[in-house]
Each structure stands twice: as structure tokens, then as C-alpha cells.
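A.B. asks: can't give you the sequence, but here's the structure:
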């Protein structure tokens, strides 16, 4: 993975996937990985079923596409597990940006804490 992708992945994990966010702000200012303000809600909505319905099977793939930006991708539920007594999910995001040849891949783990919100592991 290139340094640019590593930095982008860290930003993605730290900021982009607030499941409960009704209106998301694009946290990416790095060259090469820039989602539009209209991409983020589509990406977030694609993952929503994973967090709201624990009967969604592992392996389920949800797609998103933004005709306005030309960006799109998939979110794949790749694992459910327990960590320190918390239910957790591992989700793989494959994101293809219109202006970048190679897709970006991010794998994140999120766990549900006592207040019901999902936090990054």
C-alpha cells in the first residue's frame, strides 16, 4: 500500500464513517483521495444495514454510486466478532474515484459501546 493510501486509510478510519451522521462533511483534503460532500452520505447509507440489522449475513455487499461525481464503491461485511464483550463488525470498503486509476481499499473494525453508538476499534 502506498504512503498516500495509508494516510488516506487512517483519515478514513478516523473520520469518514460516522454511521449516525445525517449530513456528513468531507474530511479528505489529500491529493488523490477526495470524496465529494455528496459521496459521503451515499457511502454511509450503504453501510447502515450492517449496523442496524444483525441478521445481515457476513459476505453481504452493498454498492453505492454517485452520478454527480462519478465516484462509487462497495461495502462488504466481512466479519462479526466480539471484542472485550462488545459486538463488532469488520467492513471492507472498495472505493473507485472518477479521477484516480486504482481503487482504494479500507478495512475497518467498529464496535458497539454501552450507549449504543459504534466506535472504531
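C.D. replies: Looks like it came in fine. Model, not experiment: these values are computed from the prediction. Residues are numbered from 1 along each chain as shown.
A.B. asks: report the longest helix in the protein, please.
C.D. replies: Scanning the chain for the helix with the most residues, using DSSP state H, yields helix 39-52.
A.B. asks: ok, which stretches of the protein are helices?
C.D. replies: Counting by DSSP H, the helices of the chain are 3-11, 39-52.
A.B. asks: weakest of those helices by average pLDDT?
C.D. replies: Lowest mean pLDDT within the helices of the chain: helix 3-11, a mean of 44.
A.B. asks: isn't residue 60 up against residue 80?
C.D. replies: No. If you go by C-beta atoms under 8 Å, residue 60 and residue 80 don't touch, sitting 11.1 Å apart. Bear in mind the C-beta positions are built from the backbone N, C-alpha and C, glycine included.
A.B. asks: give the buried residues for the longest helix of the chain.
C.D. replies: Residues 39-40, 42-44, 46-47, 50-51 are the ones in helix 39-52 that count as buried (16 or more other C-beta atoms under 10 Å).
A.B. asks: stretch 88-104 too?
C.D. replies: Applying 16+ other C-beta under 10 Å to stretch 88-104 flags 88-91, 93-95, 97, 104 as buried.
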